[in-house]
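Visitor: fold the following.
(one chain, ligands or ions: 1)
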Amino acid sequence: MCGIVGYVGKRKAQPILINGLLRLEYRGYDSAGISVMEETGIKTIKNQGRVKGLLEVKEIEDLKGTMGIGHTRWATHGKPSAINSHPHMDNEKTTSVVHNGIIENYIELREFLTKNGYKFLSQTDTEVIPNLIHFYYEKTNKKDKMDFVKALKQAVEMLKGSFAIEVLNNDFKEEMFVVRKDSPMVIGKGVEENYISSDIPAILSFTKDFYLLNDYEFAVLSKDDVEFYDINLNKIEKQPKNIAWDVSSAEKDGYEDFMLKEIYEQPKSIRETIGARITLGVKSTLDELDFTKEYLESVDRVYIVACGTAMNAGMTTKKILEQFCHLQTEVDIASEFRYRKPLITPKTLCIFISQSGETADTIAALKLAKEHGAKTIAISNVIGSSITREADYSLYTHAGPEIAVASTKAYTSQIVLLAIIAIYFAEVLGVSSRELEELKKEILEVPKKIEEILDNTEKIKDFAKRISNEKDVFFIGRGIDYTVAMEGSLKLKEISYIHAESYAAGELKHGPIALIENGITVIGIMTDAELAPKTVSNLQEVVTRGAKTLVVTNQDIDKSMFDEVIEIPEISEYISPILSVVPLQLLAYYISKERGLDVDKPRNLAKSVTVE
Ligand code: AGP
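Guide: Numbering: from 1, shown residues only. You can find the predicted model right below:
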């Protein structure tokens, strides 16, 4: 949450900062602001609302400096307003700070600073940071930049919580300072210029070489150099990582919205996820894992832990792991897992899924699993992201940058990768079955089958029009189809603001059926041959009560009683969500468009949830 950018180089910083903020807006869009180092010192412009609002401020054109910092905010402490926007300055207006994260002990720190004569203008937690830096910097000889870094270190040592911080100070016209803990930040290396960003896509058009900062590492950036220091302020060396993402992958490429583009990218992203990981007739190769039969036989249970859509992806894998590998598998929400004292032993295998790799709850759950001695696997889409640096093993989905807040291609790539991991486990365990080989074949055929769905979207668009003014929509399914109901319902509520619920179809008559009345929409998903007749009966029960029904299926069922049926290609029920979700993604998308909403940046949400 919150996006931060920084630039130091030979060009005017303002347009680069604004450009970076526009690309980072999916991280938060309550307010935005920039500080630029001018000859006369720091100049700050900030505003409530979207980044483009900054361009309407007359003074923005006066900013000529070649070094600056910027921020787009997802409000935590203090309502969205100009005064609560970043950058924040100290009382003497010498130091400007942008911050992503949460300072948990800010009240205590405000009291400490107030006692020392400082005053606060905003309601934010962040405003303590420039003042703390000022407090400690005043105690140094102010001889050189290391005095400032020392003050920065003393300030951050006082902070509890998470932070990625960029700092400008009037004494340093050519250097800016950064430090992070538990909040994402990358440093982009250019030629005679260097960049900072919360994530890679925002600055991908400027550079593909990135430095990654670990917790409590400091960096001093100037036009020609980036210096790194550890927590004891010893200088450390870092090598940049080259990121192979293509620049156009972070652009809309002619699509109206990133979400639509990402839905249509799924055949390609899945091909990338599969890569050389499976070949028919040959044991699956996962270079990232080195598990033995003995190890997998000793595993007492598998936990799959994630948030939101990533958790929904995890849900789909329980059946494969249990049925093919006989591994007892539990899937959990990271924010629950981390506090429920789960049974974790050194024989437990924990898989954490996160598109961004920066989700605070997922990282905390991963750290907990490690503390208890479990083996940990991270599945992420972002090279070098925090969960991949924490876990024992990391596997990337290679889906390319996902920009829309509503996750689509990451979900289908995660399911594919999880299925491949399950197949790998089964092969290591010596399970050799026709079904396993058949599953591999099915995975290889997925991209083509998605293309078929994407080539035929008229019925979905039409149904979206028909229900775009609804207040409530129910999604039902059984078995693996229930997990897709969860994802379909999440997608719809996220971007259309229609109240949506998902239920295991068999649960309807245990309560929710009381809500079914004339005209209400119920969406049923049926891809499991054994369970489809049962879901048909449940749908019959809602039709009887006047519900409008849409069915997504590849089963041979009597379709006459439903208002609309979207047929999808046949596929093994172990991985059917990869196909059955696509019409639901499109449905949510077209409903959101019908309602005239901002599909890519739904209200109150942010792409990467880096706070608890
Ligand atoms: C998905 O549409 C959501 N925006 C959200 O649920 C997301 O999947 C969740 O916050 C987890 O994000 P991550 O995969 O980056 O950890």
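Visitor: switch to C-alpha atoms for all contacts and neighbour counts from now on
Guide: OK.
Visitor: which parts of this structure sit against the ligand?
Guide: Contact residues (C-alpha under 6 Å from any ligand atom) of the chain with the ligand: 307-310, 354-357, 359, 405-407, 491, 607-609.
Visitor: in stretch 58-67, what counts as buried?
Guide: Under the neighbour-count criterion of 16 or more other C-alpha atoms under 10 Å, stretch 58-67 has Ile60, Leu63, Lys64, Gly65, Thr66, Met67 buried.
Visitor: just put those in JSON lines and tack on pLDDT and secondary structure.
Guide: Below are the buried residues of stretch 58-67 laid out as JSON lines (pLDDT from 0 to 100; DSSP: H, G, I helix; E, B strand; the rest coil):
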{"residue": "Ile60", "pLDDT": "93", "secondary structure": "helix"}
{"residue": "Leu63", "pLDDT": "95", "secondary structure": "coil"}
{"residue": "Lys64", "pLDDT": "96", "secondary structure": "coil"}
{"residue": "Gly65", "pLDDT": "97", "secondary structure": "coil"}
{"residue": "Thr66", "pLDDT": "98", "secondary structure": "coil"}
{"residue": "Met67", "pLDDT": "98", "secondary structure": "strand"}
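Visitor: with these in mind, which one is nearest to the ligand?
Guide: Nearest to the ligand among these: Met67, at 30.1 Å, using C-alpha to the nearest ligand atom.
Visitor: quick check: bridge partners of that closest one?
Guide: Val8 (DSSP bridges).
Visitor: quick check: the gap between it and Tyr216.
Guide: 23 Å (C-alpha to C-alpha, to the nearest Å).
Visitor: what of Glu138?
Guide: Glu138 is 22 Å from Tyr216, by C-alpha to C-alpha.
Visitor: got it, and Ala202?
Guide: Ala202 sits 23 Å away from Tyr216, going by C-alpha to C-alpha.
Visitor: one step back: which of the residues of the chain next to the ligand sit farthest apart?
Guide: The two members of the residues of the chain next to the ligand with the most space between them (C-alpha to C-alpha) are Gly357 and Lys491, at 20.1 Å.
Visitor: show me the domain layout of this structure.
Guide: Per automatic domain parsing, the domain ranges recorded for the chain read 3-244, 252-454, 458-594.
Visitor: redo the ones you listed as CSV? Include distance to Lys601.
Guide: Formatted as CSV, these follow (distance: least, C-alpha to C-alpha, whole Å):
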stretch, distance to Lys601
domain 3-244, 6
domain 252-454, 6
domain 458-594, 8
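Visitor: would you map the helices across the stretch 451-600 of the chain?
Guide: With helices called from DSSP state H, counting those that start in this stretch, the stretch 451-600 of the chain shows them at 458-467, 480-496, 532-544, 577-594.
Visitor: what's the answer for the stretch 51-200 of the chain, then?
Guide: 52-55, 106-115, 128-137, 145-158.
Visitor: using CSV, lay out those together with mean neighbour count.
Guide: Formatted as CSV, those follow (neighbours: other C-alpha atoms under 10 Å):
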stretch, mean neighbour count
helix 52-55, 16
helix 106-115, 15
helix 128-137, 24
helix 145-158, 18
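Visitor: and these: which comes nearest Asn538?
Guide: helix 52-55 (48.8 Å).
Visitor: what is the burial count for Leu213?
Guide: 24 (other C-alpha atoms under 10 Å).
Visitor: where do the helices sit along the stretch 251-400 of the chain?
Guide: Assigned by DSSP H, counting those that start in this stretch, the helices in the stretch 251-400 of the chain fall at 258-264, 266-274, 293-298, 308-315, 318-325, 334-337, 360-371, 386-390.
Visitor: adding mean neighbour count and mean pLDDT, write these out as CSV.
Guide: Listed next are the helices of the stretch 251-400 of the chain as CSV, based on neighbours: other C-alpha atoms under 10 Å; pLDDT from 0 to 100:
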stretch, mean neighbour count, mean pLDDT
helix 258-264, 22, 96
helix 266-274, 22, 96
helix 293-298, 14, 97
helix 308-315, 25, 98
helix 318-325, 19, 94
helix 334-337, 20, 97
helix 360-371, 22, 96
helix 386-390, 23, 92
